[in-house]
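A.B. asks: my questions concern the predicted model and sequence given below.
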Amino acid sequence: MTIEQIYKVLREGLREIIKQNNLTESQICITSKALTPEEAIGITQRKDFPILVGKEIMLQALFREGEGQSFTDSPAVFYGGLDEILEMDIVNDAHARGLFIATLNAVMKQVGLVENTIHCKNKEPELCAQKFVTHIRTNYGNPKIALIGYQPALLEHLSNEFNLRVLDLNPDNIGK
């Protein structure tokens with residue numbers, strides 16, 4: 001599946017959720033109030049998260065009571081209709097992509113399809129990574145895993161248990 005196909009599936013899925021929940025005329029507010037690292041992930045034991053070393057920032061979307069976040073290296077601010085988000089070029093425009101993912105998370109939270117749309121904080125990244133290893137082992141045995149993006153807690157815990165490959169666009173991480 002190509003990146004274009006993946007984003008098409010995500011866009012059409014969001015479009016269907018908006019339609020099913022009668023949200024077509026709804027507005028969304030997204031800010032890239034460059035959340036401080038503490039606001040985004042709290043005070044963590046490990047200090048190698050990309051947000052802590054200035055490589056990424058957190059976008060946060062608020063849709064009614066639903067909050068959604070996305071990491072991006074292309075901050076943007078948006079206030080407008082969900083229909084406008086659906087028309088953005090999320091394949092070629094990093095700003096649009098961050099807005100779309102934060103929106104997708106916020107809408108999914110609002111309609112009750114997902115629960116955890118806000119990044120874990122403080123000690124939670126380590127606990128989450130441990131639970132993730134247990135979940136994979138219990139449900140999938142000993143699979144080969146591809147981790148997309150550098151997430152140090154997941155990387156450490158997964159690599160201790162599974163055959164793992166990591167894909168990341170940051171040249172500082174490639175080959176390490």
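C.D. replies: Arrived safely.
A.B. asks: centroid-nearest residue for this protein?
C.D. replies: Closest to where the C-alpha atoms of the chain average out (CA atoms, centre = their mean) is Ser70, at 4.3 Å.
A.B. asks: can you name the residues that contact it?
C.D. replies: Met58, Leu59, Ala61, Gly98, Leu99, Ile101, Ala102, Asn105 (CB atoms under 8 Å, 6 or more residues apart in numbering). (Each C-beta comes from the backbone N, C-alpha and C, glycine too.)
A.B. asks: and the next element down the chain from the helix or strand of the chain with the lowest mean pLDDT?
C.D. replies: Taking mean pLDDT, DSSP states H and E as the measure, the helix or strand of the chain with the lowest value is helix 37-41, at a mean of 69. Sequence order places strand 57-63 as the next helix or strand after helix 37-41, per DSSP states H and E.
A.B. asks: quick check: closest non-adjacent residue to the residue nearest to the centre of the chain.
C.D. replies: Among residues not flanking Ser70 along the chain, Ile101 sits closest, at 3.7 Å (CB to CB, 6 or more residues apart in numbering).
A.B. asks: how much space between the one you found and Cys120?
C.D. replies: Distance, Ile101 to Cys120, by CB to CB, to the nearest Å: 17 Å.
A.B. asks: between the two, who's got more neighbours?
C.D. replies: Neighbours were counted for Ile101 and for Cys120 using other CB atoms under 10 Å; Ile101 has more, 20 against 16.
A.B. asks: who's in contact with the more buried one?
C.D. replies: Ile101 neighbours (CB under 8 Å, 6+ apart): Leu59, Gly68, Ser70.
A.B. asks: so what's the last one bridging to?
C.D. replies: Beta bridges link Ser70 to Leu59, judged by DSSP bridges.
A.B. asks: distance from the chain centre to the helix or strand hosting the residue nearest to Ser70, please.
C.D. replies: Using DSSP H and E, Ile101 maps to helix 94-110. In terms of CA atoms, centre = their mean, to the nearest Å, the centre of helix 94-110 is found 8 Å from the chain centre.
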